[in-house]
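Visitor: Quick one, what's the 3D model for this:
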Amino acid sequence: MPAITIGVVVALLALAQGAAGAVADYDVSWNDLAKESATEYTNTMPIGNGYLAANVLGGDALSGTITLLISQSGAWSEAGELIKVGFVTLTFTPNPFSKGSFFQMSLNVSTATVQFLLGGSSAAQHELAVNTYVDANQDTIVVAAQSGSATPFTVSVQSTLVRTQPQTFMPQYDCWNYTVAPDQFGDVTASIPDSVVFYHRNVNTTFFKNTLTGENIPGAMSAIPDRLEGRTTGAVVFGQGLTRTSQSTLVSAAPATAVTVGIAVVTRVTPTLQPWLDAAVQLAQLGIPSRAEHESWWAALWNRSHIETSDFIVTRQYVLERYLQSIQARSPFPIKFNGLLFTANRAPKIDYRQGGGLNWWQNLRLPYYNMLGSGDFDQLATLFDSFLGNLPLAQARTSIYYNHTGAFWPEYTHPLMGTTHPESYGCDRAGKSDPPVGYSEDRYNHYNLQGGGLDLSLMILDHYTHTQDLNALKKYLPLVVNGVLFYTQRWSEVGPDGKLIFFPTQSLETWQCPGYPPNQTNCVTNDTPTIVGLQAVLARLLTLPAGLLDPATIQALTKFRAQVPPLPLGTSAGKPVILPCKICPANTSNVENAELYPVHPYRLYGVGKPNLDTALNTFAVKRFVSDIGWNQNAMDAALLGLATQAQAYVVARANTAPATGYRFPAFMPDFQDYAPSSDHLGVFSNALTYMLIQSLDDPAQTILLLPAWPCAWDVSFKVHGPLSTVIEGQLHDGKLTFAVTPASRLPAVMASACQDPDGGDGPTPVTPA
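Guide: Numbering: from 1, shown residues only. Sure, this is the predicted structure:
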């Protein structure tokens, strides 16, 4: 049996090198350029600060040219779609390759910087170094060029608009045409005369009004503001020693051995252009932000946690996925599942992404679960902020559709409004009540209400359990309470057992309820995801500290909890299994294992929990065995303690080649949505985290360490658990060494022996002497 030592950790792989040093082992570096795709910018690397981002395009670097394709999660058009901000291209003269042929393009993940070393004979003897990054603390992109040979150079900085003509089209899954205005160059202000200003501004938009009217919720227009009208996103490009020669171009006033360019990017919703321009100029006037403070922010992130396995590719993909999450998840706009902020399409499809502007909960949620284990709680909270900002509309919609209180979220949700796809709801239904206004014509979501309510609620409760941040809990608790209150009034029929009958409903998108009116012969009754979601959330909600819920709410939720029907159970080959629904239609229409939602995301079944054998039996006979994109078999295997199977899933995901047209190793294919996809490595990181650490979710907030870890992998780790617990240690040659902070939480950590494939799956609890 592997040895376990508890106490002060003297030597850990990552700590011995320093956390940033260990991360640097997984930098991405190219010494040549791949052939460029005709439809994508292939040689691209991502930078960002959680809100502002850019694809750094290196395809023309051998000509002395580097281009930034700028994105921002707040940039939304009149058509309700996420759009690119613009291009900024730097051309250096003389071409550094006139003196040597060395080339290196690399992403330094420890500082979120893409570096080019150009010309000369080696990395140490380069002709020109160009470093580009998005400042961690200020919405400014920095491009710093330095001669490696003291040879002066000049630079031309050219800004290019993405949309030069009006574009009229119908967005995906919509019912109306919209005209997107062209981008514009702005006037230079006296305060920064040598600068370039460009922007996109929404005026006379009708998307908000059309969508709410078309979805029969015009009465909700007063619930939230129109966040598209008057929305302006743009940039001010500036730099010392640069002179403006046209509305789009800055050039060096004289040759120099160093030059730094800043690109200040701002989004505002304002009645006129001037307030936006004032804000953009004010940001640009701050100048180039502190590089030291930028590096300090990133050092703190990488020091907060790490998982470093003896499998290089697995660790690299974990590091890169955490990097991608961190450069997108610091604003109240969720990580875009279908393309991230890093679609790199060439014209004429620069703004295109399959799936459109809305978020789809099945996909959206996946990068966020692992943030608990990594301690990136601030990033997780931004997901809550997005939904909280749209809660008033969700409440108004519930009142209009169902004539009761609470809030529900459709599977497809617009991040600025909380509305769904108009086409999914049904075109030409405004003012009509047959079928009922709450009915969605999208066959995948006629009655599917798993659009974030219960799953998101458990995330919020987990956030509190881990952080003990009472202020955050109070802020986000309305999302939880309203989500549950919706279900307390959704169904009223009671069966002979005194339990509510959940009908009509769906078991996700796979077990559907076709058409209206619903027919019990081909429609779901008592779906497992809703039942187990309510069981999990109510159990946690009703044990929160006193004073957070008023007595009437506690009484109503306690009564409702007693009425929630039991989980549907059955048998397979004589063994007990969980069913996807009590009554299921004959056919399936998607590939979700709804019967395993009690494992993930709701975690009522798992290692150390009751009836583990039932969940293991269910997993063994699961209907859908694929594990790509948003399929969750990898997470289920880890949560069930199946180390060998979880490892196989994780390794397969880590070794997936990048999407067609892309080279960056963490830009994953569009298995079910659009590239680069957030799903594939999101599930991968969740599963790897669950293999290493899980929560027992008991009153003591017990932590399971190595519940599904294979002996074949060494690992160094620093991870976070409930009650602000940090566990730091390593497994080397089967010997586990770890320390717990605070020390008072040590008794709550249950370590398991790693699993040997020859010994069969399943963790073996170990109690150290």
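
Visitor: where along the stretch 1-150 of the chain do the strands fall?
Guide: 4-6, 28-30, 44-48, 52-57, 65-72, 86-93, 103-108, 113-118, 128-134, 140-147 (DSSP state E, counting those that start in this stretch).

Visitor: How about the stretch 301-450 of the chain?
Guide: Under DSSP E, counting those that start in this stretch, the stretch 301-450 of the chain gives strands at 306-309, 359-360, 412-413.

Visitor: thinking again about what came up before, of all the strands of the stretch 1-150 of the chain, which one is nearest E493?
Guide: strand 65-72 (48.4 Å; C-beta to C-beta). All C-beta spots, glycine's among them, are computed from the backbone N, C-alpha and C.

Visitor: Tell me what angle that closest one forms with strand 44-48.
Guide: Angular relation of strand 65-72 and strand 44-48 on a 0 to 180 degree scale: 50 degrees, by axes from the mean of the first three to the mean of the last three C-alpha atoms, to 10 degrees.

Visitor: Could you shift the numbering so residue one becomes 546, and keep it that way?
Guide: From this message on, residue numbering opens at 546, which makes the last subject strand 610-617.

Visitor: Just checking: what are the partner strands of strand 610-617?
Guide: strand 597-602 (antiparallel), strand 631-638 (antiparallel) (DSSP bridges).

Visitor: Listing request: residues of the protein with sub-threshold pLDDT.
Guide: For the chain, the stretches with pLDDT under 70 are 546-566, 1303-1314.

Visitor: max-length helix in it?
Guide: helix 1015-1035 (DSSP state H).

Visitor: residues in contact with the helix or strand just after it?
Guide: Scanning forward in sequence from helix 1015-1035 by DSSP states H and E, the next helix or strand is strand 1070-1072. Contacts to strand 1070-1072, defined as C-beta atoms under 8 Å, 6 or more residues apart in numbering, come from residues 1046-1048, 1050-1053, 1056, 1110, 1113, 1125-1128, 1139.

Visitor: Run me through the strand neighbours of strand 1070-1072, direction for each.
Guide: By DSSP bridges, strand 1070-1072 pairs with strand 1126-1128 (antiparallel).

Visitor: Contacts for the helix or strand following the partner strand, please.
Guide: On the C-terminal side of strand 1126-1128, the closest following helix or strand by DSSP H and E is helix 1157-1165. Contacts with helix 1157-1165, where a contact means C-beta under 8 Å, 6+ apart, come from 1114, 1117, 1120-1123, 1140-1141, 1143-1144, 1150-1151, 1181-1182, 1185-1187.

Visitor: For R789, which of the strands of the stretch 846-995 of the chain is the nearest?
Guide: strand 904-905 (39.6 Å).

Visitor: Report all helices and strands that that closest one contacts.
Guide: strand 957-958 (3 or more C-beta pairs under 8 Å, 6 or more residues apart in numbering; DSSP states H and E).

Visitor: Give me the distance between the strand it packs on and the centre of its chain.
Guide: Strand 957-958 sits 15 Å away from the centroid of its parent chain (C-alpha atoms, centre = their mean, to the nearest Å).

Visitor: And for stretch 1074-1092?
Guide: For stretch 1074-1092, the distance to the chain centre is 25 Å (C-alpha atoms, centre = their mean).

Visitor: Please enumerate residues in contact with that stretch?
Guide: So stretch 1074-1092 is contacted by 994-995, 998-1000, 1002-1003, 1006, 1009-1010, 1015, 1018, 1025-1026, 1028-1029, 1032, 1047, 1050, 1052-1053, 1094, 1099, 1102-1103, 1105-1106, 1109-1113, 1139, 1142-1143, 1147-1149, 1242, 1244 (C-beta under 8 Å, 6+ apart).

Visitor: Dump stretch 1138-1150 to PDB, keeping only the CA atoms.
Guide: Provided in PDB are the C-alpha atoms of stretch 1138-1150 (Å, rounded to 0.1, in the frame of the first residue of the first chain):
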ATOM      1  CA  ASN A1138     -26.600  10.400 -20.100                       C
ATOM      2  CA  ALA A1139     -29.300  12.000 -18.000                       C
ATOM      3  CA  GLU A1140     -29.300   9.000 -15.600                       C
ATOM      4  CA  LEU A1141     -25.800  10.100 -14.400                       C
ATOM      5  CA  TYR A1142     -26.800  13.600 -13.400                       C
ATOM      6  CA  PRO A1143     -26.900  12.300  -9.800                       C
ATOM      7  CA  VAL A1144     -23.100  11.900 -10.200                       C
ATOM      8  CA  HIS A1145     -22.400  15.100 -12.100                       C
ATOM      9  CA  PRO A1146     -23.300  17.900 -11.700                       C
ATOM     10  CA  TYR A1147     -25.300  17.200  -8.600                       C
ATOM     11  CA  ARG A1148     -22.900  14.800  -6.800                       C
ATOM     12  CA  LEU A1149     -25.400  12.900  -4.600                       C
ATOM     13  CA  TYR A1150     -23.800   9.700  -5.800                       C
END
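
Visitor: Buried residues, the longest helix of the chain. List them.
Guide: Neighbour-count burial for helix 1015-1035, counted by 16 or more other C-beta atoms under 10 Å, picks out 1017-1018, 1021-1022, 1024-1033, 1035.

Visitor: What of stretch 1084-1101?
Guide: Result for stretch 1084-1101 [16+ other C-beta under 10 Å]: buried residues 1085-1086, 1089, 1094, 1098, 1101.

Visitor: That one: end-to-end distance?
Guide: End-to-end distance for stretch 1084-1101: 14 Å, by C-alpha to C-alpha, to the nearest Å.

Visitor: what pairs with the closest residue to A803 other than its chain neighbours across the strands?
Guide: Leaving out its chain neighbours, the residue that sits closest to A803 by C-beta to C-beta, 6 or more residues apart in numbering is Q691, at 4.9 Å. Counting by DSSP bridges, Q691 is bridged to A674, A803.

Visitor: Counting neighbours, what do you get for Q691?
Guide: Counted with other C-beta atoms under 10 Å, the neighbours of Q691 add up to 15.
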